[in-house]
Every structure is written in C-alpha cells, then in structure tokens.
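Asker: can you look at this prediction? I've put the sequence above it.
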Amino acid sequence: MEAIKNALDFSDFPRVDMFVAGAVSIGLIVFPIFPHSSFAMATMIQFLMFSLYGMGWNTIGGYGGQVDLGKAQYVGIGAYTTAVMLIRWDIPFWFSMPIGVCLSVGWSFIIGYPLFRLKGHYFAIATIATSLVLKDLFEVWDFVGAARGLEISPIKYPPPDFMRLIFREDIYYFYVILFFFFIGILYINWFRKSRLGFQLRSIKDNEDVARSLGINVHWAKIKTYAIATAFVSMVGSFHACYIKSIEPEDTMSLDISILIALMAMLGGAGSLWGPIIGAGILIPLKSYLKEWLGAQAGLVGIDLILYAIIIMLISAFEPRGVWGIVEKLRRRKRN
Amino acid sequence: MAFLEVHNLTKVFGGLRANNNISFALEQDELVGLIGPNGAGKTTLFNCISGLHTSTSGRIIFDGEDITALKAHEVARHGLGRTFQVYVAAGDLTVLENVMVGCFMRTRFRSRAKANAIEILKNMAIEDLSDYLVNELPVAAQKRVTMATAIGSGPKLLLLDEVAAGLNPSEIEGIMASIKHIHEQMGITVILIEHVMELVMKVSHRLIVLDYGEKIAEGDPETISKSPLVIKAYLGERYAREHKEGLAKD
C-alpha cells in the first residue's frame, strides 16, 4: 500500500516541475491526433523507448553510480526471446516479454555476481566485454538465426494483433510504449524513495560508510542491476515486435549500450527526469541529423562525433547533466 | 561476560603490525576514550571491530556473540554503529535523507524511516537543518549529521572516530554536549577516538592508550594523565605540567 502511495506521490518536486511534467504527458497522449509525418512518429517511439532504457540504466548507473556500458546485451536477450518464441512456437508478446525479463535477470545475476567485485572503470570495461561476447555468440548461433538475425513476418498475423503486438500503424506501438513509459516513471518514482534507492545513494557516496550502516553493498548492487536489466529487456521485447527484424548488430552493439548510458548522463544521472530529458534531446537530434546530414551529404558518422562531444562536455562541466544545471540554478536562487 | 570483549587482536598489513595483541573489555553504558599518537593503530582497531578489516588473529565478542569473522554490514546489524574520521556525510543528500539511510537499516518502510529520522534530528537538536544539503553546512554541523546517521541505525555501541577534529573551542563544547547526550539520554555505549584532550579527558570514564599498535595503558583519565609511559608516548611533559592541578581538582 505504502509503495503505491509513494509511487504516485510527486509532491517533493516544485510546482513548476509538476506543471511541465503534466503538460508533456498531455502532449504525448494527444500527439498522434495532430497531423504528423511517419518519421516524426518513429522518432517519438524511439524517444519513449530510449527514455525507458535510460530510466533502467539510471537505477544502477545514476542512483548507484556504477557506470554500466553493457546494457545492449539485455536489449538483445529481450528482443530475441520474444522473436524466437513468436516465430518458433507462436507465443505472444505478453507471455514472451516476462519470460525474456526472467532470462535477462537470470543472466544479470550470473554476470553481476562476479562483475560487482570490480569497481569504477574496471566495472565499466567488464560490462562492455560481457555484452560484446554475448553478441558474438548470437552471431554464430543458428537457433537464433546467427548473423542474419530473425524476421517476424506480419503477413502471418493479421494486424492489429494486440496479443502478439503486431500492428500495421505505428500509432498502436506508440500507445503501448507510452503506457510502459508512464508505468516506468511511477516505478522509478517509487524506487528513488525506497530503501534500496536510499541504500544505493549511500553506496555511490562511500561504500565503507554504507557498510557501516548495515547495507550489504554487493547484494544491493546486484539487485539494482537486475532492476535495470528488467527495464531494458522489456523494451527489447517491444523492439522485436516493433522493428520486426532483429540481428545481433543492431540490438546488441556497443553503440546501443553507450547511447543508453549517454541519455541518462546527458539529462542528469540520478534524477527522475534526467533520462527523459536526455532522450528528448538526443533522439530527435540523432534522427534528424542522420536524415538531413548523413544521408544527403554522405556525412555518415556525424552522430558519433556528436556523442563524443557530449561526453566531453558533460565530464568537463557538469557531471550531473542538464538536470544538474537546473538544480544548481535553483539553489543559487534560493540562497 | 562483558558487553564488548577484544581478545589478543592483531592486524598485520604487509610487514606492519598496525594492531599487536590488543585486549580490552567494556561494559554496557560505559564511555571509553581511545587515545594515542598518529599511526598508533586507533582507526585500524575501529575498522577491525566494525568488520571493515578482517583481523589477522584474535577474537572480538560483542553482546555475547562472536563478531570476529562477520562482514561490516552484519556487524552493523548486530547493533554496532560507527562514524568515520575523514568522511563527513553524503553531500548530495539532505540532512534528513542522510539520517534516513541509517534508519532504513531497521525498517523497509519509508514513512517509518522518516519519522524515526525526524525524531533523531530533534533529539540531537538539529531538526532545523533537515532540508539542507550536507555540503552546505559548516563542519561542526556536518559532524553532528554523521553522528545522527549512525544513531539512525539503532546501535547499542557507537564508535566515534575523531568527531571533534578541526573544530573551534565553542564547537567542541557543542560536540561534547552531543556525545554526553548520546551516552546519557539515548543510553548508547560509546568508544571515542580523540586528539582533543579537553574533550576526551572530560567525558570519558576510562581511557585506553595505544602506541605503535600496542596497548600501553588503560585506566581512568586522572591516572592516565599522570602515567609516565603515556606522557612520554603521547601527552608530552607540557601537557602533564599544565593539567596536573586542573585534573586534580575535578
């Protein structure tokens, strides 16, 4: 009961935040009613997906301060579970998605247990390595289509198919992911106020002190890593149904891991709104830059240059991202 | 059986014996000072007792249970709290949130942790600071927040590591009052490491003196301040001269 109350309670945010958040929520809900290009719609869905990836990453990376650069492996596990189950056994999305989450979380325990013995940069590097190894395995594993990947053919299932999440129009996908998005926000709102949330912030600050306050540091990290994983795997499953064609290269590559971490860091790691702000800035920028510059002038890779610049700016000026700047200005005004 | 018993505790770092064969015991409701020159092994002793270091040999018995091999978070759950010498408190958490981290050790519920934290802040007379970020506060207030955080975890025994370091005389008075309050009103047994002699001599019932990793003396403050061994190792001739009469009067 108290958990639900805490999840719905945003009263510790200033009124301005609530107003903006409300306006954005309404904007998102009514967005499909207004005339829009299919490109804008696709960008919007990407924005919601990456917000969710970012929210997941933010639990362990933001609140817990453990920079995880291997989230793509869980996108892959989620996406592949859903795709394989649908293609081979005709198991619909709403069943395969939770199974995918279970598999991802199971895998996260297996690699989380040894990985969290490492700290700082070593941990970050190890997460990259595990993710890349898994990708390489999938590239040679025939059961999941090896490097060719898997194709969900929509002809077999007459859309709209809500159980299998096969639709012809993007608007359906938009509302499904928007639903996940709101649930995600409520979950994180509960999380940041929960015991685990407090324990993580203490761990981020000083692990010895956290231990002296009775916190099992290793276990708290593993638990949170599993939560982050569940978020990512869920959206990965959605990704499979939405894109309908998955291959190791575009679900499990290092780019995706970095992009997920970057969203949250740009917006503000360790804050509720951070990942959403980050995705809101980066995703439109990325899609439109690619569309305008990349395709036309042959400037492929300009988005990568952009990421590099953003990483440098964040680390040099404001480690807490856009939200860090907002909070700093607020404190200055108050004092 | 005493409340805390340390038997022949030894901690070796490479070739350095940071703690060598230290034994002492302590009853509930005592307030014991741990003194000695820098590098004598005081903080190492705290780390061994609180489980952050695994002792090389020896046994530690707390409240009837052998805690020698337990990990730090398990020791904490047995009711042994501590503060840290250098560390102050989580800077990007408010004072209230810091204390809540401690309180969350005993409850899963946010409402209970919060109520408990507010009560502790009131008890420590710092409730008006509760919404500040810790790094916005002066050092003396930060030290109180660390103590409040440790108290939040509901300890029966509290190890305070140099809470008065770097404070001015009037702030030391304040901290001294807080320590007495914790000990007398809250009924928590306290061991404190301290270099500020005015404080440690006044509040402690008993002193334990370490030098080069060994226990060189133990006794009430008056005896210790006269002990030639302690004067030579730590207090110095000047301290002994200046405080001879003052202490005799107490």
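Answerer: Perfect, I can see it now.

Asker: from here on, contacts and neighbour counts on C-alpha atoms
Answerer: Fine.

Asker: for the closest residue to residue A:218 other than its chain neighbours, the count of nearby residues, please.
Answerer: Take residue A:218 and drop its neighbours on the chain: the residue closest to it by C-alpha to C-alpha, 6 or more residues apart in numbering or on different chains is residue A:116, 6.5 Å away. Neighbour count of residue A:116, defined by other C-alpha atoms under 10 Å in any protein chain shown: 20.

Asker: distance of residue A:116 relative to residue A:222?
Answerer: Noted for residue A:116: a distance of 7 Å to residue A:222, by C-alpha to C-alpha, to the nearest Å.

Asker: so what does the residue nearest to residue A:218 look like in phi/psi?
Answerer: Torsion angles at residue A:116 (phi, psi; degrees, to the nearest 10) stand at phi -80, psi 0.

Asker: mind listing what it touches?
Answerer: The contact partners of residue A:116, by C-alpha atoms under 8 Å, 6 or more residues apart in numbering or on different chains, come to A:123, A:218, A:221-222.

Asker: want to throw these into CSV with neighbour count, secondary structure and pLDDT?
Answerer: CSV is the format used below for these (neighbours: other C-alpha atoms under 10 Å in any protein chain shown; DSSP: H, G, I helix; E, B strand; the rest coil; pLDDT from 0 to 100):
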residue, neighbour count, secondary structure, pLDDT
A:123, 20, helix, 91
A:218, 17, helix, 93
A:221, 23, helix, 94
A:222, 22, helix, 94
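
Asker: export those residues to JSON lines and tack on distance to residue A:304?
Answerer: Below are those laid out as JSON lines (distance: C-alpha to C-alpha, whole Å):
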{"residue": "A:123", "distance to residue A:304": "23"}
{"residue": "A:218", "distance to residue A:304": "34"}
{"residue": "A:221", "distance to residue A:304": "30"}
{"residue": "A:222", "distance to residue A:304": "31"}
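
Asker: closest one to residue B:64 out of those, please.
Answerer: When the contacts of residue A:116 are ranked by distance to residue B:64 (C-alpha to C-alpha), residue A:218 comes first, at 27.5 Å.

Asker: show the contacting residues for that closest one.
Answerer: Shown in contact with residue A:218 (C-alpha under 8 Å, 6+ apart): A:113, A:116-117.

Asker: how about stretch B:111-129: buried residues?
Answerer: B:113-114, B:116-118, B:120-121, B:123-124, B:126-127, B:129 (16 or more other C-alpha atoms under 10 Å in any protein chain shown).

Asker: now do the SS call for the residue nearest the centre of chain B.
Answerer: Centroid-nearest residue in chain B, with C-alpha atoms, centre = their mean: residue B:160, separated by 1.8 Å. Classification of residue B:160 using DSSP: H, G, I helix; E, B strand; the rest coil returns strand.

Asker: could you do residue B:40 as well?
Answerer: Relying on three-state DSSP, one would call residue B:40 coil.

Asker: number of nearby residues for it?
Answerer: 20.

Asker: for the stretch 151-300 of chain A, which residue gets nearest to chain B?
Answerer: Proximity of the stretch 151-300 of chain A to chain B (C-alpha to the nearest C-alpha) peaks at residue A:214, 3.9 Å away.

Asker: double-check that residue against residue B:75; I have them as touching.
Answerer: Yes. Using C-alpha atoms under 8 Å, residue A:214 is in contact with residue B:75, at 7.5 Å.

Asker: ok, those two, which is more surrounded?
Answerer: More neighbours surround residue A:214 than the other of residue A:214 and residue B:75, with 27 against 24 (other C-alpha under 10 Å).

Asker: which secondary structure element contains the residue lying closest to the more buried one once chain neighbours are set aside?
Answerer: Excluding its sequence neighbours, the residue lying closest to residue A:214 (C-alpha to C-alpha, 6+ apart) is residue B:73, at 3.9 Å. Residue B:73 is part of helix B:72-77, with elements assigned from DSSP states H and E.

Asker: and that helix, what does it pack against?
Answerer: Under the contact criterion of 3 or more C-alpha pairs under 8 Å, 6 or more residues apart in numbering or on different chains; DSSP states H and E, helix B:72-77 touches helix A:207-212.

Asker: just the CA coordinates for the helix it packs on, please, in PDB.
Answerer: Coordinates of each C-alpha in helix A:207-212 appear next as PDB, following Å, rounded to 0.1, in the frame of the first residue of the first chain:
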ATOM      1  CA  GLU A 207      30.900   2.200   0.200                       C
ATOM      2  CA  ASP A 208      32.600   1.800   3.600                       C
ATOM      3  CA  VAL A 209      30.100   4.100   5.200                       C
ATOM      4  CA  ALA A 210      27.300   2.300   3.500                       C
ATOM      5  CA  ARG A 211      28.600  -1.000   5.000                       C
ATOM      6  CA  SER A 212      28.800   0.600   8.500                       C
END
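
Asker: which residues sit against it?
Answerer: By C-alpha under 8 Å, 6+ apart, helix A:207-212 touches A:199, A:202-203, A:217, B:50, B:52, B:72-73, B:75-76, B:81-84.

Asker: partner strands of the strand or helix carrying residue B:208 and their direction?
Answerer: Applying DSSP H and E as the criterion places residue B:208 in strand B:206-211. Using DSSP bridges, the strands paired with strand B:206-211 are strand B:31-35 (parallel), strand B:214-219 (antiparallel).

Asker: which residues are in contact with the closest residue to residue A:235 other than its chain neighbours?
Answerer: Computed as C-alpha to C-alpha, 6+ apart, the closest residue to residue A:235 that is not its neighbour in sequence is residue A:49, at 6.4 Å. The contact partners of residue A:49, taken as C-alpha under 8 Å, 6+ apart, are A:177, A:181, A:235.

Asker: so which of these are in helices?
Answerer: Using DSSP state H, the subset of those located in helices is A:177, A:181, A:235.

Asker: quick check: the first one vs residue A:42, distance?
Answerer: Here the distance between residue A:177 and residue A:42 works out to 12 Å (C-alpha to C-alpha).

Asker: hmm, back to that, which pLDDT value goes with the residue nearest to residue A:218?
Answerer: With respect to pLDDT, residue A:116 scores 91.

Asker: from chain B, which residue is nearest to chain A?
Answerer: Nearest residue of chain B to chain A (C-alpha to the nearest C-alpha) works out as residue B:73 at 3.9 Å.

Asker: what about residue A:158, which helix or strand?
Answerer: Residue A:158 belongs to no helix or strand when assigned by DSSP H and E.

Asker: who's in contact with it?
Answerer: residue A:166.

Asker: ok, residue B:207 next?
Answerer: With contacts defined as C-alpha under 8 Å, 6+ apart, residue B:207 is in contact with B:32-35, B:218-221, B:224.

Asker: if we use 6 Å, what do you get?
Answerer: B:32-34, B:218-220 (C-alpha atoms under 6 Å, 6 or more residues apart in numbering or on different chains).

Asker: just put the residues you listed in a markdown table and tack on distance to residue B:104, pLDDT and neighbour count.
Answerer: Listed next are those as a markdown table, based on distance: C-alpha to C-alpha, whole Å; pLDDT from 0 to 100; neighbours: other C-alpha atoms under 10 Å in any protein chain shown:
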| residue | distance to residue B:104 | pLDDT | neighbour count |
| --- | --- | --- | --- |
| B:32 | 28 | 93 | 25 |
| B:33 | 29 | 92 | 28 |
| B:34 | 29 | 91 | 26 |
| B:218 | 37 | 88 | 18 |
| B:219 | 37 | 88 | 16 |
| B:220 | 37 | 88 | 15 |
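
Asker: about what we covered before: helices - which of the buried residues of stretch B:111-129 land there?
Answerer: Among these, the members falling in helices (DSSP H) are B:113-114, B:116-118, B:120-121, B:123.

Asker: check what pLDDT the residue of chain B closest to chain A gets.
Answerer: We have a pLDDT of 93 for residue B:73.

Asker: contacts only, for it.
Answerer: A:211-212, A:214-216.

Asker: redo these as CSV? Include distance to residue B:149 and pLDDT.
Answerer: Formatted as CSV, the contacts of residue B:73 follow (distance: C-alpha to C-alpha, whole Å; pLDDT from 0 to 100):
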residue, distance to residue B:149, pLDDT
A:211, 13, 92
A:212, 10, 92
A:214, 12, 91
A:215, 13, 93
A:216, 17, 93
